[in-house]
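1. Provide a 3D model corresponding to the input given below.
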Amino acid sequence: MSTTTGQRPMRADARRNYERLLAEAKESFLEHGADASLEEIARRAGVGIGTLYRHFPTRLALQEAVYREEMEQLAAKAYELAETSPPDEGIAAWILAIAEYSRTKRGLVQILKATIDLHSDQFISCHDQIETAAETILARAHAAGTARPDLRPCDLLRLAHALSVASERAPEDTELLLSFMLDGLRPRS
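-> Now for the predicted structure:
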């Protein structure tokens, strides 16, 4: 993202501050919850509180930016895998990436979903972005005949979420559970 307001590109130093604030906010929300100290986030990012408020006028704006960045990264992973991996391997890797994200960031995701309006343009945009990424990676698998024709993008996302929940207490079983799941995604002969 080159702007915080959509008006003009950020200077390089402003961009660095923005990125440091987002990184520290992710960690702080994960460690301390939705009410993490904004002053502490600014301090850990090496900027003043005024800089934080210049980029994120409200706590909600910061939370939404964290959520948006997380979803953008997961979507980008799908597009990267669609370009660089065979279709069945791409789906497997993306499901694993989503499951790992959800498993390790479960607290953060729950916090952000609890504070962000699920009917807001921001949330809907993120949801649409992930759904489109799922459509892209799944379309390749459908075209190659490596995924069941009745498998939908929303199914793929639900399965990734299920894998994260199922492997939460036993992460060492994630690969095995994924292999069972992938067997079920393949077309029946």
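2. CA only for contacts and neighbour counts going forward, please
-> OK.
3. residues contacting Glu31?
-> Going by C-alpha atoms under 8 Å, 6 or more residues apart in numbering, Glu31 touches no other residue.
4. Quick check, pLDDT for it.
-> Looking at Glu31, its pLDDT is 85.
5. what does Ser2 give?
-> On the pLDDT scale, Ser2 gets 42.
6. switch to numbering from 10
-> Taking 10 as the first residue, the last one we looked at is Ser11.
7. in what helix or strand does the residue nearest the centre of the chain lie?
-> Geometric centre of the chain, nearest residue: Met80, 3.1 Å, by C-alpha atoms, centre = their mean. In the assignment (DSSP states H and E), Met80 maps to helix 68-93.
8. Looks like the residue nearest to the centre of the chain contacts Ile133 (just checking).
-> No: the pair formed by Met80 and Ile133 falls short of the contact definition of C-alpha atoms under 8 Å, at 11.4 Å.
9. got the contact list for the helix or strand harbouring Ser134?
-> Ser134 is part of helix 130-153, with elements assigned from DSSP H and E. Surrounding helix 130-153, the residues in contact under the criterion C-alpha under 8 Å, 6+ apart are 73, 77, 80-81, 83-85, 87-88, 90-91, 96-97, 99-100, 125-127, 156-158, 161-163, 165-166.
10. Filter those residues down to the buried ones.
-> When these are checked for burial by 16 or more other C-alpha atoms under 10 Å, the buried set is 73, 77, 80-81, 83-84, 87-88, 90-91, 96-97, 99-100, 125, 156, 158, 161-162, 165-166.
11. hmm, back to that, and the next element down the chain from the helix holding Met80?
-> By DSSP H and E, the next helix or strand past helix 68-93 is helix 96-113.
12. Sort out which residues of that next one are buried, please.
-> 96-112.
13. next one: the helix or strand containing Asp192 to chain centre, how far?
-> Assigning secondary structure by DSSP H and E places Asp192 in helix 183-194. Its chain's average C-alpha position is 21 Å from that of helix 183-194, according to C-alpha atoms, centre = their mean, to the nearest Å.
14. That one - contacts with which helices or strands?
-> helix 96-113, helix 162-175 (3 or more C-alpha pairs under 8 Å, 6 or more residues apart in numbering; DSSP states H and E).
15. Let me have these in JSON lines, extended by distance to Asp192 and mean pLDDT.
-> JSON lines is the format used below for these (distance: least, C-alpha to C-alpha, whole Å; pLDDT from 0 to 100):
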{"stretch": "helix 96-113", "distance to Asp192": "11", "mean pLDDT": "89"}
{"stretch": "helix 162-175", "distance to Asp192": "13", "mean pLDDT": "91"}
